[in-house]
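In: Got a sequence here, can you model it:
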Amino acid sequence: VNGGWSSWGSWGRCSHTCGGGSQYRERSCTNPPPSGGGRRCYGSSSRSQSCNTNHCPVDGGWSSWGSWGSCSLTCGGGSQSRKRSCTNPPPGRGGWRCRGSSSRSQSCNINHCPVHGGWSSWGSWGRCSLTCGGGSEYQERSCTNPPPGRGGWWCCGSSSRSQSCNTNRCPVDGGWSSWGSWGSCSLTCGGGSQSQKRSCTNPPPRWGGGCHGHSSMSQSCNTNHCPVNGGWSEWSPWSICTKTVSGIQIRFRECSNPEPAYGGEHCNGSRALVRECNKMSSCHEVFPLRFKTESNPSVGTMEIHTNSSWKKLCTSTWNKVEVDLTCIAMGYSNSSDYGRWYEDSGIVSEASTNFNCTTTLTKCEESFSNKLQFCKVPVRLNGANVKYGGRVEVFYKGKWGKICTNGWDFNDAQVICRQLGFEEALAEFIGSNVEDGNITSVMADVSCNGEEVELASCARTDGKLNVPGQCRGDSKGSQALCQPKNEEVLGKENLYFDIGSNEILHCSIRNKTSFARWVINGQKVQRMNSSSKRVKATEDGKLVIENVQLSDGGTYECLRLEYVQYYTVYINARFTENTRDQQSLTAYTSGTINCGAEGTPRPQITWRKQGEKLVLNGRRFTQIPSGSLQIDPVHPEDSGTYRCTVTQNKGSKRVTSRHKSINVSVIVRPEVRISGASNLIREGDTVTLTCKIIQGQPQPQITWLKNNLSEGHNMSLSFHKITQKDTGLYTCEAKNPGGIFAENIYISVKVPPHLNPELKNLSVQLNSTFETDCFKRGDPPVYVNWTKDGKALDNKNTLVIKRMTLDHGG
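Out: Got it, this is the predicted structure:
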């Protein structure tokens, strides 16, 4: 079977998409395939034809890169670029443009740029070089905006400029005259002070000036001991009356308070007093007494001073008891047999009364003082709502007045209660429920021993009845609380409480059915169960006091039907918060050393310095009503340890004292002077400024400032090879708790002229320009004189010659 061709297949893909290509198709000898020795198919098994004969598009091609362009910056990192074009070949017949970038860039000149300096803003004007009379002030700027770097240029222009300031006239500080003579001593002995003065007249100050320092100084003088004049002791109690009717009483005193010393005088006045007793009158005649002797110092005549003269004592009732008392009162041990008395009427006559006294009299002084008369002084209790307690008032010159609390104690209250007819005193105060009342103080102080029957018999320590000014201490005056008569008292007890404590008072129970009532300083206490009440009475007769206060001091009464029980509550004294261990005062001003105390009754305060009792005479040292010590003016030597003693009376036998040591420092405001700077300071000099302390306590801290900036804290400020940069206003500032003192000095550093080191023989081309400086540095401004061959050319620093010629040589 001969082979036969199959049908032609499809044309294949054209070999080119444009510009003429070829495409093929094929057939196979399979229709039928040859077999049995038949022939293969005749002809070609493939056929081709042209295809895509249209022109092809031309894609663009890049040209070669061009040269690099110039750099965009000369330093600091710029950029440069180069280019190419799509012309090799250019695109055509719809061909593609060139792919990629037509330009390329790269970094260049990456070296750092030089930084040219720039000026900062002008600073503030500095302190004026002078405070008056026309000074200069400077302001500066710095080449820091930015600072020059990497070979950059320095800023052009000046870094500082100045202007005039403080053109007002300078005050002329006054100068002290010579010290005057020492003044008279304030005391003739015992250590006084004297002062000398100077005046601010050499020269006198002008335009606001003044002298520094003090116009006066003082020193101790007359430090020898003062004569101590003798002082009488307290009078002894009056003796027992010699008769039940119209007798006499005698009392005496000793010249021992103090004893005369250092040439001081003996006590003036009578050692003994005699008075009538057991008379119907309420007044007692009191007479000075003396023993007049002749050859025998133990035998003489007793005389009394009356009606301005000494008269002999004579009475028909004179007896041995009276003689004994008189002799003892005059300093003898007793009397021996005495002579015959002469009859006469009255107490005093010119008749003689002779008797003997054993033991030699040591000393007997005559007295010429007028007779004294003591009458019964009316007293009363007032200002409280209880009839048996209150403020003690004395009737004097037609009105009632109070007694100051200074030294008032239980013995004084005992006499008041006795004079008013009460059983005895319960307490020397009644607490806070006493009206102050606008009542004058008529008695400064009394001193009773508790045995007197009336106030007039008590010693007076103030020496006068009228008291000018106000009392120190409690303004409410002295107080007393008395026990009524015919009252069954179950018990009396003193209690001592601390402020802030909690206390319970118990009322003794004799009869459980008896109802108990509490009275505090005359005020009834309601029975309360509420916890809101600080002071309350309970059902079982107790009195509860929570958080004890000053006002809780006073008299507490527990009343039952058949008896009463008394408690006197004292609030223990304590120092107030302003009483500090360390206190300071400022010299030459008024100062107060604070020491306060609170308690009931109000405590008294006394002062000592370095163990010595202070004399509060009002000259410089005064105790103010609070108890604190005022010093005016304060002196530096007032530093030291002061002792504040608080004393509080608590009943008849209990007096408590508390002490507080206060270390007082006196602050003296600092004062300094600057030395060490000459008028002319050259660059390169060694300069030391010294800040000398004129005064200051405690030692002031020194700070050196330059244009208000700290330079250190040493006493001296040194410059080794000083430069013009050290020019400025320097201040020595001294500081302590007393204040700040500043002294100023302006340092101006002068710079000698420095010639231009480049000045030397030079060769210069013809027709060129020649320019050079004479000097590089100099302050103050340098005077310049250019000469050529001895002839003056110019007086400017910079010499400029344009278009050099042969004539310019030289």
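In: Apart from its neighbours in sequence, what residue is nearest W518?
Out: Setting aside the residues directly before and after it, W518 is nearest to V525 in space (C-beta to C-beta, 6 or more residues apart in numbering), at 4.1 Å. Any C-beta I mention is one placed from the backbone N, CA and C, and that applies to glycine too.
In: That neighbour: what's it in contact with?
Out: Under the criterion of C-beta atoms under 8 Å, 6 or more residues apart in numbering, the neighbours of V525 are R517, W518, V519, V535, K536, A537, L543.
In: quick one: which of the residues you listed is nearest I593?
Out: Ranked by distance to I593 (C-beta to C-beta), these are led by V535 at 36.6 Å.
In: isn't S447 right up against V415?
Out: No. Here S447 does not reach V415: they are 10.4 Å apart, not a contact under C-beta atoms under 8 Å.
In: Between those two, point out the one with more neighbours.
Out: When S447 and V415 are compared for neighbours, V415 comes out ahead with 25 against 15, by other C-beta atoms under 10 Å.
In: Just confirm the more buried one is within a strand.
Out: No. V415: not assigned to a strand; according to DSSP: H, G, I helix; E, B strand; the rest coil it is helix.
In: That one contacts G450, correct?
Out: Yes. The pair V415 and G450 qualifies as a contact (C-beta under 8 Å) at a distance of 6.7 Å.
In: what are the ranges of the helices in this protein?
Out: Secondary structure of the chain (DSSP state H): helices at 320-329, 410-419.
In: Among those helices, show the one with the smallest mean pLDDT.
Out: Lowest mean pLDDT of the helices of the chain: helix 320-329, a mean of 58.
In: pLDDT score for the nearest residue to G175 once chain neighbours are set aside?
Out: Distances taken as C-beta to C-beta, 6+ apart place N202 nearest to G175, at 4.2 Å, with adjacent residues excluded. Listed pLDDT for N202 reads 83.
In: quick one: contacts for N202?
Out: With contacts defined as C-beta under 8 Å, 6+ apart, N202 is in contact with G174, G175, W176, S177.
In: any idea which of these is closest to A742?
Out: So of the contacts of N202, ranked by how close each gets to A742 (C-beta to C-beta), first place is G174, at 19.8 Å.
In: Quick one: neighbours of that closest one, just the number.
Out: The criterion is other C-beta under 10 Å. On that basis, G174 has 18 neighbouring residues.
In: Correct me if wrong: it contacts P205.
Out: Yes. With contacts defined as C-beta under 8 Å, G174 counts as touching P205 at a distance of 3.6 Å.
In: So D638 is in contact with V664, correct?
Out: Yes. In this structure, D638 sits in contact with V664. The criterion is C-beta under 8 Å, and the distance is 6.9 Å.
In: Overlap of the contact sets of those two?
Out: By the contact definition C-beta under 8 Å, 6+ apart, D638 and V664 are jointly contacted by L585.
In: Quick check: the gap between the closest residue in space to G421 that isn't next to it in sequence and L455.
Out: Of all residues not flanking G421 in the chain, K485 sits nearest, at 7.2 Å (C-beta to C-beta, 6+ apart). With the distance defined as C-beta to C-beta, to the nearest Å, K485 ends up 19 Å from L455.
In: shaky segments in the stretch 301-450 of the chain?
Out: Scanning the stretch 301-450 of the chain for pLDDT under 70 picks out 301-302, 306-308, 311-376, 396-398, 431-433, 436-437.
In: And the residue nearest to G421, how close does it get to G522?
Out: Distance, K485 to G522, by C-beta to C-beta: 18 Å.
In: For the chain, which strand extends over the most residues?
Out: Selection of the longest strand in the chain by residue count, based on DSSP state E, yields strand 655-675.
In: Just the C-alphas of it, formatted as CSV.
Out: Once non-C-alpha atoms are left out, strand 655-675 reads as follows in CSV (Å, rounded to 0.1, in the frame of the first residue of the first chain):
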residue,chain,number,x,y,z
VAL,A,655,7.8,76.8,147.4
THR,A,656,9.0,75.3,144.1
SER,A,657,11.6,76.7,141.7
ARG,A,658,12.5,75.7,138.2
HIS,A,659,15.6,76.9,136.3
LYS,A,660,16.3,77.4,132.7
SER,A,661,19.8,78.2,131.3
ILE,A,662,19.6,80.3,128.2
ASN,A,663,22.7,80.7,126.1
VAL,A,664,22.5,84.1,124.5
SER,A,665,24.7,85.1,121.5
VAL,A,666,25.0,88.7,120.4
ILE,A,667,25.0,89.2,116.6
VAL,A,668,27.1,92.1,115.4
ARG,A,669,26.4,93.2,111.8
PRO,A,670,29.5,92.7,109.6
GLU,A,671,31.6,95.5,108.2
VAL,A,672,34.6,95.0,105.9
ARG,A,673,37.2,97.1,104.0
ILE,A,674,39.1,96.2,100.8
SER,A,675,42.9,96.8,100.5
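In: Indicate each strand paired with it and its parallel or antiparallel sense.
Out: strand 582-586 (parallel), strand 640-649 (antiparallel), strand 687-697 (antiparallel) (DSSP bridges).
In: can you give me the angle it makes with helix 410-419?
Out: Between strand 655-675 and helix 410-419, the angle comes out at 140 degrees (axes from the mean of the first three to the mean of the last three C-alpha atoms, to 10 degrees).
In: so N222 sits right up against S193, yeah?
Out: No. With contact taken as C-beta under 8 Å, N222 and S193 are classed as non-touching, separated by 9.2 Å.
In: so what sits against both of those two?
Out: When contacts are counted by C-beta under 8 Å, 6+ apart, N222 and S193 have C185, L187 as shared neighbours.
In: What ranges does the stretch 401-550 of the chain have for its strands?
Out: 424-427, 441-443, 446-447, 459-460, 479-483, 489-497, 503-505, 517-520, 523-525, 535-537, 543-545 (DSSP state E, counting those that start in this stretch).
In: By mean pLDDT, show me the worst of those strands.
Out: For these, mean pLDDT drops lowest on strand 459-460, to a mean of 66.
In: what's the neighbour count on S160?
Out: Neighbour count of S160, defined by other C-beta under 10 Å: 13.
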